[in-house]
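Asker: let's see this in three dimensions:
(2 chains)
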Amino acid sequence: MEQTRLRRFSFLFQIGGVVLAFVFISLILILVGANPLETFRLIWEGAVGSSSRITNVIIVWIPLLLVTSGLLVTFSAGLWNIGIEGQITLGAIVTTGVIRMFQDTAVPPALVIILSIIGGMVGGMVWAALAGLLKTYGGVNEIFGGLGLNFIATALNIGLIFGAWSRAGIASMSGTDPFPEAYWLPTFGSINLSWPSILLAIIGLVIVFFLLQNTHFGLRLKAVGMGLRSAYRLGIPTKKYMMLSFMVCGLYAGLTGALQVVAVYHRLIPSISSGYGYLGLMIAMLINFKAIWIAPIALFFAALNIGGIQLPIVQKLDSSLTGVLQGSLVLFILLMQGVKQRVLGKGGGN
Amino acid sequence: MNIQLKHINKHFGDVHANANISLNIQDSQIFGILGENGAGKSTLMKILSGFIQPDLGEIFLDGDKVAIETPADAIKFGIGMLHQDPLDFPPMQVIDNFILGRSEGLVITYPEKIKAFHELQKEFEFSLDPYTYIDTLTVGERQQLEILRLLWLGAQVLILDEPTTGISAQQKDKLFAALKVLAESGKTIIFVSHKLEDVENLCHKVAILRKGSLVGEVDSPYDTDQLVEMMFGKQITLTQPKPFTQEKVNFALQDMVVEKYPLEIGPVNIELFAGEVVGLAGMEGSGQNVLLRACAGLLRPISGRVVVNDKDMTRKTYLEFLENGVSYLPASRLEEGLVPGLTLAEHFMVTSNEKSLFIDKSQFRKQAENKIDEYNIIGRPETPVKSLSGGNQQRAALSLLKENLLVVLLEHPTRGLDIESAIYMWDKLKERCLLGTSIFFISADLDEILRYSDRILVFFSGKVSPPLDTSQTSLEKLGQLIGGKGWDQTFE
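Answerer: All right, here's what the predicted structure looks like:
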């Protein structure tokens, strides 16, 4: 009884947070002279108005699914893997490197693609392991270490695009030379959406769900996250588990970067991570680190991203408005969680 | 300030932690609240100090009804609470902790504050150095600091939750003297404890709680048997120590020296026989806990060797000690003992050696149920350990220890436990001794050391005595030794 009442109560607070976020955005829209209802309708239209728009939403959904899944693993261990952006970038760089290495050889393209994706995953994992080593053995907070590694990854990426891997004659912000089509991931017929990406994203999500829900590994990670010293005292090799959580998350980030290269852009571009890592951090916070909510909320965020694209043309609004909406959603829902705790009392034992 | 509590009720899930409790507490006296663990003492005090809200009930201060919603509210009304585990900031200096919580001006004028600090501590004959860091202080000293801080914030009412656990006898005397001074100056003192002796020596009046309800109130002088009966509803007898056999050496320290600024501890030489219990006696902060941590591989010795079962384990990590049958139970249960957010059943999952990938949840649920029965834990497999009472947390920690351990290292195993839980704890430990486990334990309670140890190591500011046979010593002698007296005569 008590339990179900509590649950219903907390659901109301979640809804309250969503409502507040929309009210807040509406106020901003009114301030800049736009009609909020019309704007929301346009975003909806922009996301589901045509089959190509829906396709685009799914293309954004895939990396969000993957990064958020990976981030839940580090969050479980109590770690803030801010370095995920750099891990995505490294995944993309290694993937591009592998394809460039083999694209003029006789190695079958399918094999090259598989190798490049595996390479990308390893690249992301290594980059994450660096943040992990800095944290566990160097005593560097993972937020600072990750941030530093993000800058290095970006610099490396730009350096390659304008240096070693630059286009013949002109180095360009539009990235490296596109790969021949044989090195693209297959799509659903003429629709520009690759089915192996969707498959990998869903498998990745399911793995994380079971990992955190039903395995000894997942539970030990949670123990590390909830009480580091106690976990060690109870016999859990905490450093090892922290390293492993970084590496698993790095695999996911690397896979994300790899898929952005082989399935979406077919080349390396400067902003290859597209900020999906940070967006994933926001989604993870929004869903209170519950894997079951990744898919719907990531889909919602992807829809916002795509739905906002046409706002500048139709409404003379900047498309970053949807970013404001995403950010305020997270803030208001977190705020309502705080309010809920105050209202329901702090509890606590004897 | 006079405090009136009327019909206070608080539920935690199914547990009725406070059932319709009404009390009148007068100023200028020390009011005791007595009860075993889980009786609802802490809950009641947390309600009075604004940490939690009652489901029902009213609080009156000097006749005015008040709503105390936060600890800050409580301080505003003049109510300050000293917690069982001091709530200070270990990386900070004493003086900074002292100043914290009082908001005045932008810039801190240290000389003025330090003067105020010294003047205040002189009243109670405390001698804290304002410039030391909290993490080098003992629990007793941290408590003294907290009292000073609360008084400086203008507290008229001081609530002390189990203040005598984990502090030395000397510090206890100082504390009691300070509390008496405070009561004489018109303050209201609420003293929460399960220790009959402390309550009897100190309190003018005592209220006894049992299972969330108020059993009754008694004025000093007290009849001990009556108090015990009110607390437990039955009489309890104590067990006798059992002899061990000197056959197998489980654990040995050879010329071991450990260091923790400013103490150098050792050299220590001892062989721990199978089934033997060795108590580490000494004032708080004399180096016992440092040595114990080194015995578990949580701290590296400067020199000397640790031998487990004839295997040199010096400089090995705690996890390797654990694998070799050495387990350590720390005093801070929720910081180092158990993972607060996990349930009882999840603790068994986490500590199992299960190599399989997936968790067989029903198996661990069953294991948890069995242990809950065996160890008398009041809770269910799905209860998060943070909502267990202190005694139950300790039993849970004990139930998590692996079978067939060579050595169990215990830091204040019965700190904060009532008599019944403490006896239970030792019964369980003695069962292990009969199976060949050796025990190394620290206690601030000399009675406990004398009652359960076969041999004793005495600590005095880093100096460690040779092993002393319990039969060759007495409470008086041990009391002198931990105070640094009579070492030459006893150990030549």
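Asker: got the residues of the stretch 201-350 of chain B near chain A?
Answerer: Residues of the stretch 201-350 of chain B that fall close to chain A, judged by Cβ under 8 Å from any Cβ of the partner chain: B:318-319, B:322, B:328, B:330, B:334-342, B:346-347, B:349-350. Using the backbone N, CA and C atoms, a C-beta is placed for each residue, glycine as well.
Asker: among these, which are in helices?
Answerer: Applying DSSP state H to those, the entries found in helices are B:Y318, B:L319, B:L322, B:E346, B:H347, B:M349, B:V350.
Asker: check contacts around the nearest residue to the first one once chain neighbours are set aside.
Answerer: By that I understand B:Y318. The shortest distance from B:Y318 to any non-neighbouring residue, by Cβ to Cβ, 6 or more residues apart in numbering or on different chains, is to B:G297 (4.2 Å). Applying Cβ atoms under 8 Å, 6 or more residues apart in numbering or on different chains to B:G297 gives the contacts B:V306, B:M313, B:K316, B:T317, B:Y318, B:L319, B:E320, B:F321, B:V326.
Asker: go with 10 Å
Answerer: B:306, B:308, B:313-322, B:324, B:326, B:328 (Cβ atoms under 10 Å, 6 or more residues apart in numbering or on different chains).
Asker: closest to B:L457 among the residues you listed?
Answerer: The shortest gap between B:L457 and any of the contacts of B:G297 belongs to B:V306, at 14.9 Å (Cβ to Cβ).
Asker: isn't there a strand covering that closest one?
Answerer: Yes: counting by DSSP: H, G, I helix; E, B strand; the rest coil, B:V306 is located in a strand.
Asker: among the contacts of B:G297, who's most crowded?
Answerer: When neighbours are counted by other Cβ atoms under 10 Å in any protein chain shown, B:V326 leads the contacts of B:G297 with 26 neighbours.
Asker: which helix or strand contains B:L175?
Answerer: Here B:L175 sits within helix B:169-184, counting by DSSP states H and E.
Asker: for the residue in the stretch 51-200 of chain B that chain A sits nearest to, what are phi and psi?
Answerer: Going by Cβ to the nearest Cβ, chain A is nearest to B:Q53 of the stretch 51-200 of chain B, at 5.0 Å. Main-chain torsions, B:Q53, degrees, to the nearest 10: phi -100, psi 140.
Asker: what's the answer for B:E200, then?
Answerer: phi -60, psi -40.
Asker: A:S52 contacts A:I191, correct?
Answerer: Yes: here A:S52 lies in contact with A:I191, judged by Cβ atoms under 10 Å, at a distance of 8.2 Å.
Asker: give me the buried positions along stretch B:64-78.
Answerer: Across stretch B:64-78, burial judged by 16 or more other Cβ atoms under 10 Å in any protein chain shown covers B:V66, B:I68, B:P71, B:A74, B:I75, B:F77, B:G78.
Asker: and those, which is closest to A:I43?
Answerer: So of those, ranked by how close each gets to A:I43 (Cβ to Cβ), first place is B:P71, at 44.9 Å.
Asker: what does the stretch 51-200 of chain B put close to chain A?
Answerer: With Cβ under 10 Å from any Cβ of the partner chain as the criterion, the stretch 51-200 of chain B comes near chain A at residues B:F51, B:I52, B:Q53, B:P54, B:D55, B:E69, B:T70.
Asker: now the buried members of the residues of the stretch 201-350 of chain B next to chain A.
Answerer: Judged by 16+ other Cβ under 10 Å, buried ones among those: B:318-319, B:322, B:328, B:330, B:334, B:336-340, B:342, B:346-347, B:349-350.
Asker: and the least confident of those?
Answerer: Scanning those for pLDDT, the smallest score is found at B:L334, 84.
Asker: so what's that one closest to, chain neighbours aside?
Answerer: B:P340 is the one closest to B:L334 (Cβ to Cβ, 6+ apart), at 5.0 Å.
Asker: OK, contacts around A:L228?
Answerer: A:L228 makes contact with A:A77, A:G78, A:I236, A:T238, A:K239, A:Y241, A:M242, B:E335, B:E336, B:V339 under the criterion Cβ under 10 Å, 6+ apart.
Asker: need the residues you listed in CSV with distance to A:K316, can you?
Answerer: As requested, these are arranged in CSV below (distance: Cβ to Cβ, whole Å):
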residue, distance to A:K316
A:A77, 45
A:G78, 45
A:I236, 56
A:T238, 53
A:K239, 54
A:Y241, 51
A:M242, 48
B:E335, 56
B:E336, 59
B:V339, 54
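Asker: of those, buried ones?
Answerer: Looks like the contacts of A:L228 have A:A77, A:G78, A:I236, A:T238, A:K239, A:Y241, A:M242, B:E336, B:V339 buried, using 16+ other Cβ under 10 Å.
Asker: you'd agree the first one is up against A:L219?
Answerer: No: here A:A77 does not reach A:L219: they are 11.4 Å apart, not a contact under Cβ under 10 Å.
Asker: separation between the spatially most central residue of chain B and chain A?
Answerer: In chain B, the C-alpha nearest the mean C-alpha coordinate belongs to B:R415, at 3.7 Å (Cα atoms, centre = their mean). The gap separating B:R415 from chain A is 16 Å, by Cβ to the nearest Cβ, to the nearest Å.
Asker: for my notes, confirm A:G145 occurs in a helix.
Answerer: Yes: counting by three-state DSSP, A:G145 is part of a helix.
Asker: what about it, how many neighbours?
Answerer: Each residue near A:G145 was counted by other Cβ under 10 Å, and the total is 21.
Asker: for it, which non-adjacent residue is spatially closest?
Answerer: A:L134 (3.9 Å).
Asker: for A:V94, list the residues it contacts.
Answerer: For A:V94, the contacting residues are A:116-124, A:126-127, A:254, A:257-258, A:261, by Cβ under 10 Å, 6+ apart.
Asker: out of those residues, which is most surrounded?
Answerer: A:G257 (38 neighbours).
Asker: just to revisit the earlier point, assumed the residue nearest to A:G145 was part of a helix.
Answerer: Yes: under three-state DSSP, A:L134 sits within a helix.
Asker: how far away is it from chain B?
Answerer: Separation of A:L134 from chain B (Cβ to the nearest Cβ) stands at 21 Å.
Asker: could I get the pLDDT score of that residue?
Answerer: Each residue has a pLDDT score; the one for A:L134 is 96.
Asker: neighbours of it, how many?
Answerer: A:L134 has 20 neighbouring residues, counting by other Cβ under 10 Å.
Asker: ok, now which ones touch A:G189?
Answerer: A:W195.
Asker: with B:L299 instead?
Answerer: Taking Cβ under 10 Å, 6+ apart, we find B:L299 in contact with B:V258, B:E259, B:K260, B:N289, B:V290, B:L291, B:L292, B:R293, B:Y318.
Asker: what strand or helix carries it?
Answerer: Counting by DSSP H and E, B:L299 is part of no helix or strand.
Asker: how close does it get to B:L291?
Answerer: B:L299 is 9 Å from B:L291, where distance means Cβ to Cβ, to the nearest Å.
Asker: between the two, which contacts overlap?
Answerer: In terms of Cβ under 10 Å, 6+ apart, B:L299 and B:L291 are both contacted by the residues B:V258, B:K260.
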